[in-house]
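> mind looking at a prediction? Sequence and model below.
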Amino acid sequence: MLDLETPLSTSVRKAPAPPRPARSRPHRTNVPGAIGGFAWLLVVMVPVYFIVVTTFRGQAGFFAGNPFALPTAPTLANYAEVIQHDFVRYVLNSVIVTTGAVVVTLAVSLIAAYAVVRGRGRGIRFVFSVFLLGLAIPLHATIIPLYYLITRLRLYDSLLGLILPSVAFAIPVTVLILSNFLRDIPQELFESMRMDGASEWQTLIRLALPLVRPALVTVAIYDGLNAWNGFLFPLILTQSEERRVLPLSLWAFQGEFTVAIPGMLAAVVLSTLPMVVLYVLGRRYLVSGLTAGFGR
Amino acid sequence: MVSGNSTTARGYRAGPSVWWTLPALAFFVVFALVPLVGVGVLSLMKWDGLSAPRWTGLRNWTHILSDPVTGKAAVLSVKIIVLSWLVQTPLSLLLGIFTAGRQRYRNVLAVLYFVPLLFSSAAVAIAFKAILDPNFGISRAVGWSFLSRDWLGDPQLVLATVVFVIAWQFVPFHTLLYQAGVRQIPAVLYEAATIDGAGPLQQFRWITLPQLRYTVVTSSTLMVVGSLTYFDVVFVLTGGGPGYSTRLLPLDMYLTGFTANDMGGASVLAAILVVTGLLLALGFTRLSGFNRMQSQQEGI
Amino acid sequence: MQRSLRYWSVLTSIATATALLAACGTSGPGGSKSSGEAATAWILTGPTEATFRASFDTWNKAHPDEQIKVQSFENDAYKQKVRSAVGAGQAPTLIFGWAGGVLKSYVDAGAVDDLTSDIDASTTSHFLPSVTKVGQIQDKLYAVPNNGVKPAVIYYNKDLFQKIGAQPPATWEQLVGLVPRFKAAGIAPITVSGQDKWPLLMWEEYLVDRIGGPDVMKRVLANAPNAWSDPAFIQANTMIQQLVDAGGFVNGFASISTKTGADVALLYTGKAAMNLNLPSAYQTIQTGDPSFLSGGKLGYLPFPAVAGGKGNPKNVVGNPSNYWSVSSKASDQQKKTALDYLRTGLETDDYSEALLKIGLVPPTTGAQAKLASSSNGPYLQTIYDAAQQAPNFQLSWDQALAPAQGDALLTNLQQVFLKQITPAQFSANMNKTLGS
């Protein structure tokens, strides 16, 4: 089982601290590179432009006229209709599920990771191997028994029923990343805590927690994104409008709007706004969270 | 489970006990390992989702394994994984190298490249459904006839379309990995090579590529293992159609279970997915054995 | 400290495990009772949503003690969700459905109540007998009609027919003959949503019925061995593929989704001439482009006859209606509310009026008198006549069959339209689903 530890575990190691000074390549212009770079920019941005510009069209404007032209009679009606369709509730549900999943995951994973790094004994190593196993298995394949389990626990169609499995699926990678960070804390610091007579619990709270805070942010964003974007769990484990989360609402919106496609795309844009805000305000955190230390 | 009695023997100097891992373990066991075992159990039962499950022995297995749809789905899954890797890896590698440059315009481009990552899979799929509509999508804008194809309805094209949409969604992520990888290559290597008279292509071949080998392994692992969960985007984009043209294994599992209401058969497919995932992960570990030996970092 | 943490971990874990086990032990799926006393009902999004909501709103205002909560779902999403919900024992009190094979599986699993004694003739006598019959299984009533009568007819754009100087087709030969003429004028002959599959099924259902009559499908529903190999299936699928080859269906039809209304949009935006569809097409046009209706541009005609076919050309296919069933897992209070609603709240004059207004024929015997006065009069009369005069009203096959068979049917049929399989392969594939 320990064989599983590479490459995932080594690759998930924290990126070595500050990158070497930037390559001081002379700024000769790489023409093919620039052309390719702008070509990919087109591939990325043309669909985005289409999505955004379509949301301002009415029925007539959508069926007739050039889809790339600016709308002749721009309208916010599509956005208004999306918001009237309980959109705020879906956002709120997504926020609850994401927050719940992240907080619980971080709490239990940090304690477990601390034990893995600081603890001795076969028991701990065995538990760690179990978590590593979780990394290698496509856990989403277990959705049918999970559905059975959730219905038996009477958690079907509840936000808690979404949070609990999300936590379980996030634990392996979270424990792994956090333990890699904890391992980088110099041994001497632990030693001096011990000299001061601190218990393991105090050491965790006073020493480890502050030192791994950047890692916690990173892994919180990583887990948070998974919970926020999750589609399969809500699809199968919830049913009602009251428990609908954002990604599922997009799917369920199909056929709901009078101006079908512009309405759908307005919902897509609105569902993406929280991420855009996060990106604008904290790009660095978002990027580090996304790659969650996968970048060597 | 072996309990950690070391605490009592050596005091807390031996570190925290195994109990500390218990909360995390409890979650993982109840909501991941128990269902994992459940896959095996349910694959031996007949269950339509309504009445109580009944034992049926290996009948689900013989039925699913002899069903040509299963074979098609498996072949298709392999195709998607291979094609996705072939498309995404070179693109991400080149874009990663490109965005690692410190020129200002490249930084701006890097910010924009990131945009697809802000969309959820469901959003990406819904948006591309609209974009690729043969009558009201973007093909109408430019009037190029080669764009006005039946991208989601033509069995010959739909696979390419799905690979493209997946690439659109995930290339930015892998670009970030490669960008980080490139930025960690020591500049001295390039300086030395320049002095030796190596051109950009040679530098790429003899410095950049070898230095990025761990990144390639990481990115490929995430790509291949992750591709087993391309479920969301394909489910919303094509629903597995037209015909069986994009019915990947995970989708086949979902449709068998929740549309055809054959939960036992779907569990057989789930078991196949689990085993495949495990084998892939082990395979990558084997393949990258050199990784462990050469790793300068301490073992776990 | 160390100790307290350990105890804390152990305690939480044990507490969690106990709670989980306790919950596991007490109930299986289907064992849990829905809480709360308000009854619930799920409906579909789209044109009839407002009508249903209005009906429940009226009811809720008049019956403060017997509230019904309504939720709406998109058609495909609904079909998948409701199954999971029924399986989890958390079905709505009033289960919306199409009767047929799905209803039978509910009955077999004991998920819906037998309504025979609760809903007696004083209620059912209002409905068209042929429609009520679909809600019965072995002479017991499990489902009550709740929606307009929905036979499929061909909708066509009169302007486009005028443009090429053509008459609406009365026979299959005429229909096929129109294809090159429309194409020459740069008009797509037929629009159909191939992505959602079920719109394709109407072509198959009509052709098989026209060629071989209703008995062909009856043998399939009776699980007769090799029932799908009937020559009628082979011939129908061959004709479909010939129509595809001739370019009868709009380019890219397999990408067109009816969820966005794109199929019908092609008809009223003048890009395609014909569309075989349920009456929902009419409602889509009402919201999409009312001037198309008021301008008298929409035509409608029965599916054409096939020369030498055994089936009566007056037969129709489609959905006789939609139906309410009552969940057996609902609380007594919820059931009482639901039954009271079915008895006195469902079939009201207001409701009939509302259906007529959006262009649907109520499934009631008294509907005929009201048709003429409606603004949709001529159209409604056509639909009513089609349903009323049909010797056989075939329920959509995907609903009539068991779910696994229905799923295989739709996918295989899509492959026929895309010419991925031959008619013979279709029959062979479908024969394998018999008796499963």
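Everything's here; your move. Residues are numbered from 1 along each chain as shown, chains lettered A, B, ... in the order given.
> please enumerate the helices of the stretch 151-300 of chain C.
C:158-164, C:172-184, C:198-212, C:215-221, C:231-245, C:262-268, C:280-288, C:290-294 (DSSP state H, counting those that start in this stretch).
> ok, which of the ones you listed comes nearest A:A227?
Across these, the minimum distance to A:A227, taken as C-beta to C-beta, is reached by helix C:262-268, at 33.2 Å. C-beta here means a position set from N, CA and C on the backbone, and glycine is covered the same way.
> so which residues on the stretch 51-200 of chain A come close to chain C?
Contact residues of the stretch 51-200 of chain A with respect to chain C, defined by C-beta under 8 Å from any C-beta of the partner chain, are listed as A:59, A:63-64, A:111, A:147-148, A:151-154, A:156-157, A:199-200.
> hmm, 6 Å instead?
Residues of the stretch 51-200 of chain A lying close to chain C by C-beta under 6 Å from any C-beta of the partner chain are A:F63, A:T151, A:R152, A:L153, A:R154, A:Y156, A:D157, A:S199, A:E200.
> give me whichever of the helices of the stretch 151-300 of chain C is most buried.
Greatest average neighbour count among the helices of the stretch 151-300 of chain C goes to helix C:262-268 (a mean of 26), per mean count of other C-beta atoms under 10 Å in any protein chain shown.
> report the contact partners of the closest residue to chain C within the stretch 1-150 of chain A.
Among the residues of the stretch 1-150 of chain A, A:F63 lies nearest to chain C; the distance is 5.2 Å by C-beta to the nearest C-beta. Each residue near A:F63 by C-beta atoms under 6 Å, 6 or more residues apart in numbering or on different chains is listed here: C:T269.
> could you do A:V127 as well?
Shown here is A:V127, whose contacts under the criterion C-beta under 6 Å, 6+ apart are B:T21, B:L25.
> where do the helices of the stretch 51-200 of chain A begin and end?
Chain-ordered helices for the stretch 51-200 of chain A, with DSSP H, counting those that start in this stretch as the definition, fall at A:59-63, A:77-84, A:87-118, A:122-136, A:143-152, A:159-183, A:187-195, A:200-203.
> and the ones you listed, which one's lowest on average pLDDT?
Between the helices of the stretch 51-200 of chain A, the lowest average pLDDT goes to helix A:59-63, which shows a mean of 76.
> so B:P172 touches B:L117, yeah?
Yes. Counting by C-beta atoms under 6 Å, B:L117 is a contact partner of B:P172 at 5.0 Å.
> so how far is C:I256 from C:D196?
Using C-beta to C-beta, to the nearest Å, one obtains 8 Å as the distance from C:D196 to C:I256.
> now swap in A:L162 and tell me
Distance, A:L162 to C:I256, by C-beta to C-beta: 34 Å.
> what about the closest residue to C:P214 other than its chain neighbours, neighbour count?
Setting aside the residues directly before and after it, C:P214 is nearest to C:N392 in space (C-beta to C-beta, 6 or more residues apart in numbering or on different chains), at 4.4 Å. A count of nearby residues for C:N392, using other C-beta atoms under 10 Å in any protein chain shown, gives 17.
> check what pLDDT C:N392 gets.
In this model, C:N392 is scored at 89, pLDDT.
> cool, C:L339 as well?
Note for C:L339: predicted pLDDT of 93.
> and B:Q296, by the same measure?
According to the predicted model, the pLDDT of B:Q296 comes to 31.
> what residues are up against the residue nearest the centre of chain A?
The centre of chain A sits closest to A:L225, judged by C-alpha atoms, centre = their mean, with a distance of 1.5 Å. Contacts for A:L225 (C-beta under 6 Å, 6+ apart) come out as none.
> that one: which element?
Following DSSP states H and E, one finds A:L225 within helix A:213-229.
> number of nearby residues for A:Y79?
A:Y79 has 18 neighbouring residues, counting by other C-beta under 10 Å.
> next up, the contacts around the nearest residue to it once chain neighbours are set aside.
Residue nearest to A:Y79 in three dimensions, not counting chain neighbours: A:A266, with 4.9 Å by C-beta to C-beta, 6+ apart. Remark: with contacts taken as C-beta under 6 Å, 6+ apart, A:A266 is in contact with A:T55, A:N78, A:Y79, A:V82.
> any idea which helix or strand carries the closest residue in space to the first one that isn't next to it in sequence?
Closest residue in space to A:T55, ignoring its immediate chain neighbours: A:A266 at 4.1 Å, by C-beta to C-beta, 6+ apart. Secondary-structure element containing A:A266, defined by DSSP H and E: helix A:260-281.
> okay, buried residues for that helix please.
Of the residues in helix A:260-281, those scored as buried under the neighbour-count criterion (16 or more other C-beta atoms under 10 Å in any protein chain shown) are A:260-272, A:274-275, A:278-279.
> what's the following helix or strand after the strand or helix carrying B:K72?
In this assignment (DSSP H and E), B:K72 forms part of helix B:68-100. On the C-terminal side of helix B:68-100, the closest following helix or strand by DSSP H and E is helix B:104-113.
> torsion angles phi and psi at A:S199?
In terms of degrees, to the nearest 10, the main-chain angles of A:S199 are phi -80, psi 170.
> how far away is the residue nearest to C:Q241 when sequence neighbours are not counted from C:D120?
In space, not counting the residues next to it along the chain, C:Q241 is nearest to C:K419; the distance is 5.9 Å by C-beta to C-beta, 6+ apart. Between C:K419 and C:D120 the distance is 52 Å, computed by C-beta to C-beta.
> hang on, the earlier thing: neighbour count for A:L162 and C:I256, which is higher?
C:I256 (32 against 27).
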